[in-house]
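**Student:** fold the following, please.
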Amino acid sequence: MITSSAWKDKKYAVLGLARSGRATVEALLTSGADVLVWDDRAEAREPFAGRCAIGDPLEAELSGYAGVVVSPGVPLNTHPIKPHADSFGVPVIGDIELFAQSRAELPPHKVVGITGTNGKSTTTALVHHILKTAGVPTTMGGNIGLPILEQEPLPEGGVYVLELSSYQIDLTYSLDCDVAVLLNVTPDHLDRYESFEDYQQSKLRVFGMQSVQHSAVIAVDDPSLRSYIFDLMGGPGALSEPSTNGYGGVPDQADFPSLKGPHNTQNIWAAMCAARDLSVDYDRFLSALRTYPGLPHRMERVAEISGVAYVNDSKGTNTAASAPALAAFDNIHWVVGGLAKEPGLGECEAELGHVKAAYTIGKAGEDFARLLEKKVPIRRSVTLKQAVFDASNAAVSGDTVLLSPACASFDQYRDFEARGEHFRELVEALK
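**Tutor:** Okay, here's the model as predicted:
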């Protein structure tokens with residue numbers, strides 16, 4: 001567990017007691033803080049009875065509190081906790097901000113922060129794997145893996161690799177990343193922001209928190225972003241862009257079985273720059289690419305049955321995320337649909353030449369059917385179970401059945417992981 005004397009004898013409220021909330025409470029209590037906790041679920045509050053105060057921060061007098069700690073899932077643009085805390089001059093923060101505050105007492109270390117709309121988890125896991133392969137003490141957290149405060153501090157020379165969503169960055173004010181990475185910014189989560197520009201600015205805040213001696217990596221070729229980052233007060237001292245990197249280009253992806261597709265070209269390049277900035281030997285970097293196992297639900301090849309490949313890309317929750325998956329294969333039977341985040345086919349339209357047939361599902365299924373019916377053969381399958389059945393009956397050896405829905409999952413599933421697991425189960429039943 002990560003603790004800090006900076007929290008001792010200070011008052012905090014923690015709203016939401018899911019895993020990161022529980023870890024936050026334990027770290028604060030162990031550090032000697034005075035903690036008020038709340039969750040709408042009585043069973044979530046129960047473990048803290050008698051250990052700290054229990055009450056809704058929205059009904060609390062917050063004068064003198066050092067912070068209200070909320071889950072990234074709390075929408076700051078609509079939830080009343082933000083104006084309530086503001087009325088007392090109390091910051092609303094997340095566990096990443098508490099980690100940032102704890103760093104002064106941790107053994108000397110570095111932090112890599114990775115953000116972007118798509119590719120964050122893959123790049124975070126890849127950088128973590130590269131460091132492990134190079135023998136560097138490392139852990140990953142943030143929007144992936146265990147809550148960061150629940151983890152044990154790394155020894156001297158360790159590197160914390162953090163996946164940072166825009167929601168987490170919104171709750172963070174002092175995280176000075178030794179290497180900060182921006183992969184891309186495409187329209188997403190616009191229910192939480194007034195405009196796309198506001199969403200983009202949220203991502204870019206990670207660079208504004210950096211010291212001048214630290215490094216930035218931008219994997220998208222956008223001169224306006226470069227100009228913005230260099231104009232930041234303080235700001236990073238070194239900037240890597242797609243046209244300028246010390247390794248001379250991205251290695252041949254054919255050698256890296258879990259890193260196929262054009263989107264992974266960007267992920268590899270960003271990881272390469274981060275590895276260089278962390279002084280990782282290039283040969284060890286290449287070795288790590290060869291052994292990287294990939295992540296579930298991200299271009300995950302789950303089976304080959306009678307010569308037909310079945311690929312789980314349930315993490316393709318918007319069109320920009322699904323387009324690279326379509327580009328990575330030929331003769332695709334595309335399972336698409338769910339809860340749409342934006343209208344239209346977006347970047348997927350340019351990759352329809354790879355699609356042999358489409359099988360539409362979920363709330364947006366009919367919209368996708370209308371968009372696709374004059375471009376590729378379609379079947380209105382409605383459910384994932386029916387889509388897998390339909391696609392498996394139509395596919396022949398050499399084809400790929402690809403679940404890359406270009407939509408969120410919440411119309412039919414708890415999350416994209418549950419959707420991907422169901423796809424796996426349905427494919428297993430075909431054997």
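**Student:** quick one: contacts of stretch 64-74?
**Tutor:** With CB atoms under 8 Å, 6 or more residues apart in numbering as the test, stretch 64-74 has contacts from 7, 10-16, 18, 20-21, 24, 28, 33, 57, 62, 79, 81, 85, 88, 90-95, 97-98, 143, 165, 167-168, 170-171. For the C-beta atoms, the positions are set from N, CA and C on the backbone; glycine is no exception.
**Student:** list the ones among these that fall in strands.
**Tutor:** 11, 12, 13, 14, 15, 92, 93 (DSSP state E).
**Student:** in three-state terms, label the closest residue to residue 48 other than its chain neighbours for me.
**Tutor:** Using CB to CB, 6 or more residues apart in numbering and skipping the chain neighbours, the partner closest in space to residue 48 is residue 37 (5.1 Å). Recorded secondary structure, residue 37: strand (DSSP: H, G, I helix; E, B strand; the rest coil).
**Student:** returning to what we had before: which ChimeraX command selects the buried ones in the contacts of stretch 64-74?
**Tutor:** Under the burial definition 16 or more other CB atoms under 10 Å, those of the contacts of stretch 64-74 that qualify are selected in ChimeraX by:
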select :7,10,11,12,13,14,15,16,20,21,24,28,33,57,62,81,85,90,92,93,94,95,97,98,143,165,167,168,170,171
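**Student:** grab the nearest non-local neighbour of residue 79.
**Tutor:** Nearest to residue 79 is residue 70, by CB to CB, 6+ apart, at 7.9 Å.
**Student:** quick one, longest helix in the protein?
**Tutor:** helix 262-277 (DSSP state H).
**Student:** can you point out the buried residues in that helix?
**Tutor:** So helix 262-277, judged by 16+ other CB under 10 Å, has buried residues 263-277.
**Student:** so which of the residues you listed is the closest to residue 411?
**Tutor:** Taking CB to CB as the measure, residue 411 lies nearest residue 263 of the buried residues of helix 262-277, at 24.7 Å.
**Student:** which residues sit in contact with the closest one?
**Tutor:** By CB under 8 Å, 6+ apart, the neighbours of residue 263 are 118, 119, 321, 323, 324, 325, 327, 328.
**Student:** element containing the fifth one, please.
**Tutor:** Just to be clear, that refers to residue 324. helix 319-327 (DSSP states H and E).
**Student:** quick check: mean pLDDT across that helix?
**Tutor:** Here helix 319-327 scores 91 as its mean pLDDT.
**Student:** same check, this time on stretch 394-404
**Tutor:** 98.
**Student:** that one: end-to-end distance?
**Tutor:** Stretch 394-404 has an end-to-end distance of 18 Å (CA to CA, to the nearest Å).
**Student:** list the buried residues for that stretch?
**Tutor:** Neighbour count says stretch 394-404 has 394, 395, 399, 400, 401, 402, 403, 404 buried, by 16+ other CB under 10 Å.
**Student:** next one: stretch 415-424
**Tutor:** Result for stretch 415-424 [16+ other CB under 10 Å]: buried residues 416, 419, 420, 421, 422, 423, 424.
**Student:** ok, and what's touching that stretch?
**Tutor:** 296-297, 300, 302, 310, 312, 314-315, 317, 335, 338, 384-385, 388, 403, 405, 408-409, 412-413.
**Student:** please, a PyMOL command that selects the buried ones among those residues?
**Tutor:** Buried residues within those, by 16+ other CB under 10 Å, are selected in PyMOL with:
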select buried, resi 297+300+302+310+312+314+315+317+335+338+384+388+403+405+408+409+412+413
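**Student:** mark which of the contacts of stretch 415-424 are part of helices, please.
**Tutor:** Members of the contacts of stretch 415-424 lying in helices (criterion: DSSP H): 384, 385, 388.
**Student:** mind putting those residues in TSV, pLDDT included?
**Tutor:** TSV is the format used below for the ones in helices among the contacts of stretch 415-424 (pLDDT from 0 to 100):
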residue	pLDDT
384	98
385	98
388	98
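**Student:** give me the nearest residue to residue 300, chain neighbours excluded.
**Tutor:** Closest to residue 300 by CB to CB, 6+ apart is residue 312, at 4.4 Å.
**Student:** now do the same contact list for the one you found.
**Tutor:** Contacts of residue 312 by CB under 8 Å, 6+ apart are 296, 297, 300, 301, 302, 403, 420, 423, 424, 427.
**Student:** same check on residue 291?
**Tutor:** 129, 133.
**Student:** let's go with 7 Å and repeat that
**Tutor:** residue 133 (CB atoms under 7 Å, 6 or more residues apart in numbering).
**Student:** how about it, phi and psi?
**Tutor:** With angles defined as degrees, to the nearest 10, residue 291 sits at phi -100, psi 0.
**Student:** distance-wise, check it relative to residue 150.
**Tutor:** Using CB to CB, to the nearest Å, residue 291 is found at 27 Å from residue 150.
**Student:** now residue 66
**Tutor:** 21 Å.
**Student:** repeat that for residue 70.
**Tutor:** For residue 70, the distance to residue 150 equals 17 Å [CB to CB].
**Student:** so for those two, which sits in the more crowded spot?
**Tutor:** residue 70 (27 against 18; other CB atoms under 10 Å).
**Student:** any idea of the pLDDT on the more buried one?
**Tutor:** For residue 70, pLDDT reads 97.
**Student:** same check on residue 244?
**Tutor:** At residue 244, the pLDDT recorded in the model is 53.
**Student:** got the residue ranges for the helices in this protein?
**Tutor:** Along the chain, the stretches classed as helices by DSSP H are 19-30, 42-45, 81-87, 95-102, 120-133, 166-170, 196-208, 223-231, 262-277, 282-291, 319-327, 365-372, 384-394, 416-428.
**Student:** let's have those in TSV, adding distance to residue 217.
**Tutor:** Below are the helices of the chain laid out as TSV (distance: least, CB to CB, whole Å):
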stretch	distance to residue 217
helix 19-30	26
helix 42-45	38
helix 81-87	31
helix 95-102	19
helix 120-133	10
helix 166-170	16
helix 196-208	10
helix 223-231	11
helix 262-277	4
helix 282-291	14
helix 319-327	19
helix 365-372	34
helix 384-394	36
helix 416-428	26
